[in-house]
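S.K.: sequence first, predicted coordinates after that:
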Amino acid sequence: MSDFLEYINEYSDLLKKGAKWETDEDPLAPVLSETDAWADDYIYEFYCYICLVIDLMNNYDLEFIKGKGKFEYKFPRKAALKRGKPRFHALENGVLKFQICAGTKINCSIALEEDNNPDISFQKPDASENPNEDDIILIMDAKFKEDPKAVLPKSEVYKFITISYNLFNLKGVPSVPVNFKRFSDMFGNCLITNGQSYTSQADISLLKLHNIKEVENFAPKLKHNVIG
Amino acid sequence: MVAFAINTKYVDLPELKQKRYLNKGDTGHFSIESELQHLPIGKNKHFLFIRPEKDELIFTNDGVITTSATIIKLPTPTDHITKARLNNSPPPKDRYRHTFNYKIEKPLQKNNYLNDLKYSLKVVYNFYKPESHFSQQFREINSEDYMTIVNGWIYTARTAFGKIVNALPKQNRLEFMLQAMENFGTIDFVKVPLLDGIDFLNDYVNRRIISRGKLLVATDKLIANNLKTYLDPTQVGFFDEISGNEKNIHTQALIFQRLLSLQNKTSLKDYLSQSIQSVPEIETHFDTMFKKETWPIDLRI
């Protein structure tokens, strides 16, 4: 019995600490309304970003660009202006090939709604601190599913098409090669999830037509699968 | 049999200041000051000493009153009388000191923290501040709660449910209850067995919180193992310019690492069923005792 008390006391104590961010007391799993649901994926988005950055170390020399002030090693929780935020640069033989940015606002010619900014953007080496769609090589969005068996909703796929294909005009082969190793099949505009893809492997014509891919099972200890 | 809890924060008991427990057979006396001329505490009544320790209350001893109370009327300080007269208020009430002789029956050393017993006692409903139920010189304890405290019995299912659900932030507690209403098709949880509630709660916690914790642990490891030449792995996180909120991945991941290793050793479900099976008759006793009580979830704070 006292074993049980010891267990449940430790468990509930850790859960209490874990369920709120220690530094600012925000709930780790906030209860969201329909309108602000987009802000809830930041933990997963960052996990994807870090996985991709680390994979690129196989083929590039990386450089970390520190952010300014509080942003030194802290990434924006939601889309923010690029200036002063941390990012990685990929170099080959000392030459900058592209920039890897997390949560950067894109100064698109058609004004974007807040949640239409890409979670991850690969930007041209000369992309400015206030990038527009011409500075983009490719984009990726990450969608976290609490139930890994859950399927990406159709609306997410269509929304990603609108942003990538229509707003950012990301058509054809990306303008700059990005050589992944483990994720070599992810060279393109990817809608990433730890859950399941909306599109079946048998019918990828919509994805092909709009130059996007869906990536499913992208999660710790799982083998990702690319559709499109 | 009704007993009394005597809180030694308010009732002076010098003997208990020097040691953690009094021994069986120890005798002594304590006094209660009151406006009442007669107190319900009398000869042969049982009492429990309860002692504050930091933020906790600990039941230390079971004892019995050996003599009738010695009652003396306390002199009313003259300045109180004068003050009342000046304020045009009624004269101060008389106060009495009741002194009781006692003998210790047993030291309580097993499961005797109020925080561990709180979900097994009917007297407690303020789960965040259970000590509020004992913030007086003495209070009555019903016979069921008295037996629970003296024997250090724990209602395993209710304790597990309560400790976990009340560890969640308020938003999540409310969300959990809404989802539970939908899942069980009722707003009256008296009728839903606690063990079913625990399964649903466990699922909620894994789905909403542990799933994100696992991502933080994975991200923290990836950064520490691969990127430490580029950045300080202990400083990586998120910052929100508008709210000024700052989140640190490493410190949060450390918490989840411990939580996950605890879960991996033995799952909550296994621990729970082992614990219930070790003393099934006590769990059944509590099931009956709390039959009319709803889930112990505090939605106020």
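M.R.: That came through fine.

S.K.: which residue is the nearest non-sequential neighbour of B:Ile255?
M.R.: A:Gly18 (4.5 Å; Cβ to Cβ, 6 or more residues apart in numbering or on different chains). In this view, the C-beta of every residue, glycine as well, is placed from N, C-alpha and C.

S.K.: dump the residue contacts of that neighbour.
M.R.: By Cβ atoms under 8 Å, 6 or more residues apart in numbering or on different chains, the contact set of A:Gly18 is A:Leu28, B:Ile209, B:Gly213, B:Gln252, B:Ile255, B:Phe256, B:Leu259.

S.K.: so which of these are in helices?
M.R.: Judged by DSSP state H, the contacts of A:Gly18 include B:Gly213, B:Gln252, B:Ile255, B:Phe256, B:Leu259 as members of helices.

S.K.: shouldn't the fourth one be in contact with B:Ala218?
M.R.: No: counting by Cβ atoms under 8 Å, B:Phe256 does not reach B:Ala218; the two are 9.9 Å apart.

S.K.: looking at those two, which one has more neighbours?
M.R.: A count of neighbours by other Cβ atoms under 10 Å in any protein chain shown puts B:Phe256 above the other of B:Phe256 and B:Ala218, at 25 against 18.

S.K.: returning to that earlier point: just curious, which of the ones in helices among the contacts of A:Gly18 is nearest to B:Thr148?
M.R.: Nearest to B:Thr148 among the ones in helices among the contacts of A:Gly18: B:Leu259, at 29.4 Å, using Cβ to Cβ.

S.K.: how near is that closest one to B:Ala3?
M.R.: 39 Å (Cβ to Cβ, to the nearest Å).

S.K.: tell me who's in contact with B:Gly63.
M.R.: Neighbours of B:Gly63 in contact, by Cβ under 8 Å, 6+ apart: B:Leu22, B:His46, B:Phe47, B:Leu48, B:Phe49, B:Tyr102, B:Lys103, B:Ile104, B:Glu105.

S.K.: if you set the cut-off to 7 Å instead, what comes out?
M.R.: Contact analysis of B:Gly63 by Cβ atoms under 7 Å, 6 or more residues apart in numbering or on different chains lists B:Phe47, B:Phe49, B:Tyr102, B:Lys103, B:Ile104, B:Glu105.

S.K.: hey, what's it bridged with?
M.R.: Beta bridges link B:Gly63 to B:Phe47, B:Ile104, judged by DSSP bridges.

S.K.: likewise for B:Arg95?
M.R.: Using DSSP bridges, the bridge partners assigned to B:Arg95 are B:Leu74.

S.K.: hmm, A:Lys143 is touching A:Leu152, no?
M.R.: Yes: using Cβ atoms under 7 Å, A:Lys143 is in contact with A:Leu152, at 6.1 Å.

S.K.: and the gap between the nearest residue to B:Thr8 once chain neighbours are set aside and chain A?
M.R.: Using Cβ to Cβ, 6+ apart and skipping the chain neighbours, the partner closest in space to B:Thr8 is B:Arg51 (5.0 Å). Taking Cβ to the nearest Cβ, to the nearest Å as the measure, B:Arg51 falls 19 Å from chain A.

S.K.: what of B:Gly42?
M.R.: Distance from B:Gly42 to chain A, by Cβ to the nearest Cβ: 34 Å.

S.K.: could you work out the most separated pair of the ones in helices among the contacts of A:Gly18?
M.R.: Based on Cβ to Cβ, the longest span within these runs between B:Gln252 and B:Leu259 and measures 10.7 Å.

S.K.: mind listing what's buried in the lengthiest helix in chain A?
M.R.: Counting by DSSP H, the longest helix found in chain A is helix A:2-18. Across helix A:2-18, burial judged by 16 or more other Cβ atoms under 10 Å in any protein chain shown covers A:Phe4, A:Leu5, A:Tyr7, A:Ile8, A:Tyr11, A:Ser12, A:Leu14, A:Leu15, A:Lys16, A:Lys17, A:Gly18.

S.K.: beyond that helix, next helix or strand please.
M.R.: The helix or strand immediately downstream of helix A:2-18 is helix A:42-56, counting by DSSP states H and E.

S.K.: as a check, name the ranges of all strands in the chain.
M.R.: In the absence of a named chain, chain A is used. Per DSSP state E, chain A carries strands over the ranges A:61-65, A:74-76, A:87-92, A:95-102, A:120-123, A:136-143, A:189-193, A:212-216, A:225-227.

S.K.: looking at chain B here, not the other one
M.R.: Under DSSP E, chain B gives strands at B:3-7, B:27-34, B:46-53, B:56-65, B:70-74, B:95-107, B:138-141, B:237-239, B:246-248.

S.K.: out of those strands, deepest packed?
M.R.: Among the strands of chain B, strand B:237-239 has the highest mean neighbour count (mean count of other Cβ atoms under 10 Å in any protein chain shown), at a mean of 24.

S.K.: list the strands paired with it, with their directions.
M.R.: When DSSP bridges is applied, strand B:237-239 pairs with strand A:74-76 (parallel), strand B:246-248 (antiparallel).

S.K.: can you redo these as TSV with distance to A:Pro148 and mean pLDDT?
M.R.: Below are the strands paired with strand B:237-239 laid out as TSV (distance: least, Cβ to Cβ, whole Å; pLDDT from 0 to 100):
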stretch	distance to A:Pro148	mean pLDDT
strand A:74-76	24	95
strand B:246-248	24	95
